[in-house]
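Enquirer: Output the structure for:
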Amino acid sequence: ADSLDSHAIVSRTRRDNYIEAGFTQYQSLRDGDDNDLLPNSIFDAVWTRLYDFEGGLGGRGRLSFGAHSHARADSGDITGRDVSWAYTDIAWRRDDVLAGGLLFAVEAELYGDVTFVDQDSRFETVQTRLAPALGVELSWPLARLDRRGASHLIQPTIQLAWSADGGANVPNDDSANAGFDEANLFDLNRFPGQARREDGARLAFGVAYTRQDPLGWSLGVTLGRVYRVDPEAQFTASSGLDGDRSDWLAALHLSLDRDLTLINRALFDDDFALTSNETAFRWSGARHTLNSNVTWLSADPAGGRPEDTAEFFIEGSYALDQGWSAAADWRYDFAADESTRAGLGVSYANECVDVELSVSRRFTSSATLEPSTDFGLRVALTGFGGTHGGTASSRRCGL
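Expert: Coordinates of the predicted model:
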């Protein structure tokens, strides 16, 4: 771990209501980080309620109230910037089935907040924002069951959306790195935080194919893109969302008997030049787990990445005997053509104690970091809590 965090959170979840409030304190362990200049003290609170509307309006609504604050220990102008905001988010969506099996959806959202900025003369101290959003969506799912009993589903979808960012000039501390994937292809706002809201009119389309085989395996493929009327600079190049046309999004999910999973997600332009590509592999069984990732990201100075990033990572564990297990991991940097980290560990767990002995090696060196080897010993009293990753032999610790 390259950072430590302490937090206290209280939450409650019900069918149509969610409440959470919490405080987190971070401490960076990275060489070169000055914790006085980082927003290490964070407070968050949110209340969300869902509503089902009957009658003419129909659909489902969502009402949220929230508050956030992050502070730096430094007291200087700009370097000690502290930001807080309180917001309200009202959303509504209705889905209908039209003739011929067409699915039609309409949604609306109204977001408003008040932001307070302290110790940064580049921004006004108090700013208000009101950001509306509208969207209509049409899809046509086509299903088929073949002679072998496998189901096939092809679902083309098109969405026309418009939203406004509210016009406020607030610090972007929580939305600097936006992502583009199959989960947010048809979202009204693709920024991950509250500091930024998506702006302008756009058209998103995509087609998804899903196959469910009676032998237990499944395959899912998604292809999509977003077109914008006004290509205002909102997103960085590495997000795949910048310009009047986004990159092509292609995603593949393959699952075999729930024990083996392969996921690939790629962003590329019209010339098939990759912006990013990630492949994740997981294989698990009664006694073993194996996880592997291959990631390639193009350089994006505006997003804090001055050079291309290409990495391979693999980790695995194996249950040796009753209570004993071994684990290993390795990370390789293709851009630098060298290994960056490797580790080995062995652990023992019973109904009373969980002990792990590990050794790790960091190979990379820079102006501030030298290669190093670390040895670790961890002891957890499982009779008072849980295990680190293994399975204890019993549900109670007996004397």
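Enquirer: Could you pull up the residues touching A133?
Expert: A108, E109, L110, Y111, A161, W162, S163, A164, L188, N189, R197, E198 (C-beta atoms under 8 Å, 6 or more residues apart in numbering). Every C-beta, even on glycine, is put in place using the N, C-alpha and C of the backbone.
Enquirer: give me the beta-bridge partners of it?
Expert: E109, S163 (DSSP bridges).
Enquirer: Could you measure from it over to E109?
Expert: Distance of A133 to E109, given as C-beta to C-beta, to the nearest Å: 4 Å.
Enquirer: Of the contacts of A133, grab the buried ones for PyMOL.
Expert: Restricted to buried positions by 16 or more other C-beta atoms under 10 Å, the PyMOL selection for the contacts of A133 reads:
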select buried, resi 108+109+111+161+162+163+164+188+189+197+198
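Enquirer: Just name the closest of the contacts of A133 to P306, please.
Expert: E198 (26.2 Å; C-beta to C-beta).
Enquirer: from memory that closest one sits against P192, does it?
Expert: No - the criterion here is C-beta atoms under 8 Å, and E198 misses it with P192 at 11.5 Å.
Enquirer: What secondary structure category should be reported for the residue nearest to F43 when sequence neighbours are not counted?
Expert: In space, and not counting its chain neighbours, F43 is closest to S69: 4.5 Å by C-beta to C-beta, 6 or more residues apart in numbering. Under the three-state scheme (DSSP: H, G, I helix; E, B strand; the rest coil), S69 adopts strand.
Enquirer: tell me the contacts of S69?
Expert: Contacts of S69 (C-beta under 8 Å, 6+ apart): I42, F43, D82, V83, S84, W85.
Enquirer: Who are the packing partners of whichever strand or helix holds S360?
Expert: Using DSSP states H and E, S360 falls within strand 353-362. Packing contacts for strand 353-362, counted by 3 or more C-beta pairs under 8 Å, 6 or more residues apart in numbering; DSSP states H and E, involve strand 338-349, strand 372-381.
Enquirer: contacting residues around A237?
Expert: Counting by C-beta under 8 Å, 6+ apart, A237 has contacts T275, S298, D300, A302, G303.
Enquirer: Now with 6 Å, please.
Expert: By C-beta atoms under 6 Å, 6 or more residues apart in numbering, A237 lies in contact with D300.
Enquirer: With V106 instead?
Expert: Applying C-beta under 6 Å, 6+ apart, the residues near V106 are R94, V136.
Enquirer: how about stretch 259-267: buried residues?
Expert: T261, L262, I263, N264, R265, A266, L267.
Enquirer: What are the phi and psi values at W330?
Expert: The phi/psi pair for W330 (degrees, to the nearest 10) reads phi -150, psi 140.
Enquirer: bridging residues for it?
Expert: Counting by DSSP bridges, W330 is bridged to I314, A342.
Enquirer: low-confidence ranges in this structure?
Expert: 1, 364-369, 383-399 (pLDDT under 70).
Enquirer: The nearest residue to A319 once chain neighbours are set aside: neighbouring residues, count only.
Expert: Take A319 and drop its neighbours on the chain: the residue closest to it by C-beta to C-beta, 6+ apart is R287, 4.2 Å away. The number of residues packed near R287 is 11, by other C-beta atoms under 10 Å.
Enquirer: Then A302?
Expert: Residues contacting A302 under the criterion other C-beta under 10 Å number 13.
Enquirer: if I pick it, what's in contact with it?
Expert: T236.
Enquirer: Tell me the spacing between it and R147.
Expert: With C-beta to C-beta as the criterion, A302 and R147 are 53 Å apart.
Enquirer: what's the answer for T48, then?
Expert: Counting by C-beta to C-beta, the gap from T48 to R147 is 46 Å.
Enquirer: In terms of neighbours, single out the busier of the two.
Expert: More crowded of T48 and R147, by other C-beta under 10 Å: T48, with 16 against 5.
Enquirer: Identify the bridge partners of the more buried one.
Expert: Here T48, judged by DSSP bridges, has bridge partners Y18, S64.
Enquirer: same check, this time on L249
Expert: Counting by DSSP bridges, the residues bridging with L249 are G224, L267.
Enquirer: surely it meets G224?
Expert: Yes - with contact defined as C-beta atoms under 6 Å, L249 reaches G224; the gap is 4.8 Å.
Enquirer: hmm, back to that, so which of the contacts of S69 are in strands?
Expert: Using DSSP state E, the subset of the contacts of S69 located in strands is I42, F43, D82, V83, S84, W85.
Enquirer: what sits against G59?
Expert: Contacts for G59 (C-beta under 6 Å, 6+ apart) come out as F53, W92, R93, R94.
Enquirer: Next one: it from I158, what distance?
Expert: According to C-beta to C-beta, G59 and I158 sit 20 Å apart.
Enquirer: Let me see the contact set for the residue nearest to R265 when sequence neighbours are not counted.
Expert: Nearest residue to R265 in three dimensions, chain neighbours excluded: A251, at 4.7 Å (C-beta to C-beta, 6+ apart). Residues counted as contacts of A251 (C-beta under 6 Å, 6+ apart) are E182, T222, R265.
Enquirer: quick one, phi psi at the first one?
Expert: With angles defined as degrees, to the nearest 10, E182 sits at phi -70, psi -20.
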